[in-house]
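Peer 1: the sequence and its predicted three-dimensional model are supplied below.
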Amino acid sequence: MPLAERLATKLKIVVLGSAAGGGYPQWNCRCPVCDLAWQRDRRVLARTQSSLAVTADGAHWFLLNASPDLRQQIQNTSALWPATNGPATNGPAGNGQSGNRRHSPVSGVFLTNGDVDHVAGLLSLRERQAFSVFGTSATLKLIEANSIFRVLDPTCVSTRALQDGIEIDTQFGLRVTPFFVPGKVPLHEETGSVSIGGVGESTLGLEIRTAYARVVYIPGCAKVNEEVLRRTSGADLLLFDGTTFTDDEMVRLGLSQKTAWRMGHMAISGEEGSLRAFAGLDIGRKVYTHINNTNPILVEGSPERLAVEAAGWEVAFDGMEIAL
């Protein structure tokens, strides 16, 4: 393939948000890690709720989840700003001539689950902008059942159901394959006894490919199973669930009675943690994202941060850019 064509299919990634639900610092929290942020300690950086933006051609961007902080994230990412001279459009939003003043490079949104911190940002994408929403049937049904999402005009915004292992060709140099990972139903859907660690439509990982790169994005995962290992092996980049450092992190701090497992996430450390699960696996770069406000890896130079870095992991931050 000629160099010019190869460069045209270069995978570019921007970490729009790297924190778990609630962001960092969390608005009502004064845990030891949040306290550093409130004191403006230079060892920590504020973070918005987790989301990525990816492109292969530099013109058509796809969001991986739409966090409640999406409007702020777009403002912070010039590549996602509306074009100064958008393409011609017809109908109520355009006059069929060049220079359309309402145009966004956001071409679609892939949802990994129906959690509030991954779907609420869709509400910021109203105002008659054409794009596609991709999610499992279960996730799309949650959105369709909530009337507030009707602000997304169906004449502009289309939906497409994702199926386990079935690749989606975006037509813009990116191919995306969703796959089920161990998880649980969204918090707002919990009733009675909650099953944790099951594999189904509730929780997805995404494998993103161009002709020359492969990235795996798993912001929520209750445990690493054989399918997760198979999908991540040999990847150029893995962005993985870094919610808590220890399973009982929030319990020990007196902030919650829920462990990471009960929340549908696996801890970083410990016998069942992700550090051990991925040790020795052939992966180009490994980056933790979806990091809870209590997680000490947010603190530069902390023992926990040094431990993950020594194991070859990076800690995502808002605005982090990766090109493959």
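Peer 2: Happy to help now that I have it. Residues are numbered from 1 along each chain as shown.
Peer 1: tell me the strands beside the strand or helix carrying Thr159, with direction?
Peer 2: Taking DSSP states H and E as the definition, Thr159 sits inside strand 157-162. Strand 157-162 sits in its sheet next to strand 131-136 (parallel), going by DSSP bridges.
Peer 1: right, and the helix or strand after the strand it pairs with?
Peer 2: Next element after strand 131-136 (DSSP H and E): helix 137-145.
Peer 1: what angle do the strand holding Thr159 and helix 137-145 make?
Peer 2: Angle of strand 157-162 versus helix 137-145, following axes from the mean of the first three to the mean of the last three CA atoms, to 10 degrees, is 150 degrees.
Peer 1: residues contacting strand 157-162, please?
Peer 2: Outside strand 157-162, the residues within contact range by CB atoms under 8 Å, 6 or more residues apart in numbering are 110, 125, 129-137, 140, 143-144, 168, 178, 204. Glycine gets a C-beta too; all of them are placed from N, C-alpha and C.
Peer 1: buried ones among the residues you listed?
Peer 2: 110, 125, 129-131, 133-136, 140, 143, 168, 178, 204 (16 or more other CB atoms under 10 Å).
Peer 1: where does confidence bottom out across these?
Peer 2: Minimum pLDDT across the buried ones among the contacts of strand 157-162 is recorded for Gln129, with 87.
Peer 1: residues contacting that residue?
Peer 2: Counting by CB under 8 Å, 6+ apart, Gln129 has contacts Arg102, Ser104, Val106, Cys156, Val157.
Peer 1: now, which of those residues sits nearest Ser256?
Peer 2: Closest to Ser256 out of the contacts of Gln129 is Val106 (34.2 Å), distances taken as CB to CB.
Peer 1: residue contacts, the closest one?
Peer 2: Counting by CB under 8 Å, 6+ apart, Val106 has contacts Ala53, Trp61, Phe62, Leu63, Ile74, Leu80, Leu125, Gln129, Phe131.
Peer 1: report the two of the residues you listed separated the most.
Peer 2: Greatest spatial distance among the contacts of Val106 (CB to CB): Ala53 and Gln129, at 15.2 Å.
Peer 1: where in the chain is pLDDT low?
Peer 2: Along the chain, segments meeting pLDDT under 70 span 1-9, 85-100, 189-190.
Peer 1: ok, 50 please
Peer 2: Residues of the chain meeting the criterion pLDDT under 50: 1-7, 90-98.
Peer 1: ok, and the closest non-adjacent residue to Gly22?
Peer 2: Take Gly22 and drop its neighbours on the chain: the residue closest to it by CB to CB, 6 or more residues apart in numbering is Asn293, 6.1 Å away.
Peer 1: again with Thr77
Peer 2: Nearest one to Thr77, counting by CB to CB, 6+ apart, is Val14 at 5.6 Å.
Peer 1: for the one you found, grab the count of nearby residues.
Peer 2: 22 (other CB atoms under 10 Å).
Peer 1: packing partners of the helix or strand hosting Phe179?
Peer 2: Taking DSSP H and E as the criterion, Phe179 maps to strand 175-183. Helices and strands touching strand 175-183, by 3 or more CB pairs under 8 Å, 6 or more residues apart in numbering; DSSP states H and E, are strand 131-136, strand 168-169, strand 198-209, helix 226-232.
Peer 1: and of those, who's closest to Ala120?
Peer 2: strand 131-136 (13.1 Å).
Peer 1: isn't Pro25 right up against Asp41?
Peer 2: No - taking contacts as CB atoms under 8 Å, Pro25 lies outside contact range of Asp41: 10.6 Å.
Peer 1: more neighbours: these two, which one.
Peer 2: Per other CB under 10 Å, whichever of Pro25 and Asp41 has more neighbours is Pro25, with 22 against 13.
Peer 1: list the contacts for that one?
Peer 2: Pro25 neighbours (CB under 8 Å, 6+ apart): Val33, Cys34, Ala37, Trp38, Ala46, Asn293.
Peer 1: cool, Leu140 as well?
Peer 2: Neighbouring residues of Leu140 by CB under 8 Å, 6+ apart: Val133, Thr159, Ala161.
Peer 1: count of neighbours near the last one?
Peer 2: Residue crowding around Ala161 was assessed by other CB under 10 Å; the count is 15.
Peer 1: so it bridges to which residues?
Peer 2: Taking DSSP bridges as the rule, Ala161 bridges to Gly135.
Peer 1: from Arg285, how far off is it?
Peer 2: 31 Å (CB to CB, to the nearest Å).
Peer 1: can you check the second one too?
Peer 2: From Thr159 over to Arg285 the distance is 32 Å, taken as CB to CB.
Peer 1: same check, this time on the first one
Peer 2: Note on Val133: its distance to Arg285, by CB to CB, is 28 Å.
Peer 1: can you check Trp81 too?
Peer 2: Trp81 is 27 Å from Arg285, by CB to CB.
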